[in-house]
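Asker: Quick one, what's the 3D model for this:
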Amino acid sequence: ERAFNEASDFAKAPENWLVFLGRNGCGKTHLAAAIGNYQLKKGKPVLFVFVPDFLDHLRSTFSPDSKVTYDELFERVKNAPLLILDDLGEQASTPWAQEKIYQIINYRYNEQLPTVITTCLPLEEMETRIGSRLADPRLVSVVNIMAPDYRSDLTYSEKSRRRRAR
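Answerer: The predicted structure follows:
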């Protein structure tokens, strides 16, 4: 209930940061997407980024065949009026990836740009510089979702019905 209320409040007035922590399948992405959809319906720009895919796309800009430059893509994400970073911490933990994520988070932190983050990682397990930004109570509301994985919580008949509906 707290997660829903926080998401609802943030959707109506996206200020500061909202971080959803929890296991896979507990509804973090669903709530983050609902915030984005609410803003889109109001005609506001939103950028929803699945972090591992973003890093792949960023790497691909180094290819001569890339239709977008590194700077264009990086700046678009860094400066989005409302940025939703989905599955932070699920990316490969290379030094390059950590640095790119830190640069985005640090910029948005310093500029106090509205940001929603979903992650399975407890803040203390994140790279230190990132975790310290996400733990700042002056800017960030952290919601720990304790719900079970909705995908594994389906009964056999619900799973069968979903398979038949495909």
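
Asker: Could you tell me how far stretch 6-21 lies from the centre of the chain?
Answerer: Chain-centre distance of stretch 6-21: 12 Å, with CA atoms, centre = their mean, to the nearest Å.

Asker: now the end-to-end length of it.
Answerer: From its first residue to its last, stretch 6-21 covers 13 Å (CA to CA, to the nearest Å).

Asker: residues of that stretch that come out buried?
Answerer: Using 16 or more other CB atoms under 10 Å as the test for burial, stretch 6-21 gives Glu6, Ala7, Phe10, Ala11, Pro14, Trp17, Leu18, Val19, Phe20, Leu21. Quick note: C-beta positions are derived from backbone N, CA and C, even for glycine.

Asker: what's the answer for stretch 94-108, then?
Answerer: Buried residues in stretch 94-108, counted by 16+ other CB under 10 Å: Ala97, Gln98, Lys100, Ile101, Tyr102, Ile104, Ile105, Arg108.

Asker: Where is the longest helix in the chain?
Answerer: Ordering each helix of the chain by length in residues (DSSP state H) puts helix 95-111 first.

Asker: If you count contacts, what does the helix or strand just after it end up packed against?
Answerer: Remark: after helix 95-111, the chain's next helix or strand is strand 115-119, criterion DSSP states H and E. Using 3 or more CB pairs under 8 Å, 6 or more residues apart in numbering; DSSP states H and E as the contact definition, the elements that strand 115-119 packs against are strand 17-22, helix 28-41, strand 83-88.

Asker: Figure out which of those is closest to Leu134.
Answerer: strand 17-22 (5.5 Å; CB to CB).

Asker: Neighbouring strands of the closest one in the sheet, and parallel or not?
Answerer: strand 115-119 (parallel), strand 140-145 (parallel) (DSSP bridges).

Asker: The ones you listed: lowest mean pLDDT?
Answerer: The stretch with the lowest mean pLDDT among these is strand 140-145, at a mean of 95.

Asker: buried ones in it?
Answerer: Neighbour counts over strand 140-145 (16+ other CB under 10 Å) mark Val140, Val142, Val143, Ile145 as buried.

Asker: got it, and stretch 124-138?
Answerer: So, applying 16+ other CB under 10 Å, buried residues of stretch 124-138: Met126, Glu127, Ile130, Gly131, Arg133, Leu134.

Asker: Show residues contacting the strand or helix carrying the third one.
Answerer: This means Ile130. Under the criterion of DSSP H and E, Ile130 resides in helix 128-134. Identification of contacts with helix 128-134 by CB atoms under 8 Å, 6 or more residues apart in numbering yields 17, 19, 88, 98, 101-102, 105-106, 109, 117, 123-126, 140, 142.
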